[in-house]
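Enquirer: coordinates for the following, if possible.
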Amino acid sequence: MNGDLARRIRLVVLDVDGVLTDGGIYLAESDAGQVVGFRRFHVQDGIGVYMLHRAEIEVALVSAKQSAAVRERARQLRIEEVHQVHWDGKVGAVEGMLQQRGIDWGDVACLADDLADLALLERVGLPAAVANAVAEVKDVAEWEGSVPGGSGAVREFSEALLRARDFGTARYRRGILWCAAAAG
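Expert: Sure, this is the predicted structure:
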């Protein structure tokens, strides 16, 4: 990852399904007979989000599905920007955040896995793909991880971004310890 580009990043946009989760759709039946869906999140990704917070990089979730579980996980991770919009509304959601903050697309990284995020990836300064992303996403990605979505891919990306920013070994280690304590 290019250090100059990494140092420019002020906002990291994360897709949810397939990035923060493994992309699986888990359905169960409640005692009342209602079908309920749920998602599985990986604790290492939470640490990765805390690492970005520690480095004063804002994190936003942009998902094409409505989910109370996603809103709750965002609350737990102190992510204030959560946009659950139709897939073709993702660009508009991020554009609104940029206008509010006075930053441009070049100051944004986006970690994604699927076609619904191509329009975002083609605009951001640092397009990134999880290991199990589709070929079209990998083709536009400047950074490609080795960890699949839902298995610590956000943590892997966060570490790569902070290392490229030359966060400094001692400062980086202190940041990891702080993040582990904050998440624990």
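Enquirer: so residue 103 sits in a strand?
Expert: No: counting by DSSP: H, G, I helix; E, B strand; the rest coil, residue 103 is not found in a strand; it is coil.
Enquirer: ok, it to residue 86 distance?
Expert: Residue 103 is 24 Å from residue 86, where distance means C-beta to C-beta, to the nearest Å. In short, each C-beta sits where N, CA and C put it, glycine included.
Enquirer: higher neighbour count, those two?
Expert: A count of neighbours by other C-beta atoms under 10 Å puts residue 103 above the other of residue 103 and residue 86, at 17 against 12.
Enquirer: residue 63 versus the more buried one, what's the distance?
Expert: Distance of residue 103 to residue 63, given as C-beta to C-beta: 21 Å.
Enquirer: again, but for residue 75
Expert: Applying C-beta to C-beta to residue 75 and residue 63 gives a distance of 15 Å.
Enquirer: between the two, point out the one with more neighbours.
Expert: In this view residue 75 and residue 63 are compared by other C-beta under 10 Å, and residue 63 has more residues nearby, 24 against 11.
Enquirer: run through the bridge partners of the more buried one.
Expert: residue 84 (DSSP bridges).
Enquirer: now the helices for the chain?
Expert: Applying DSSP state H to the chain gives helices spanning 3-8, 43-54, 68-76, 90-101, 118-121, 135-140, 153-164, 169-183.
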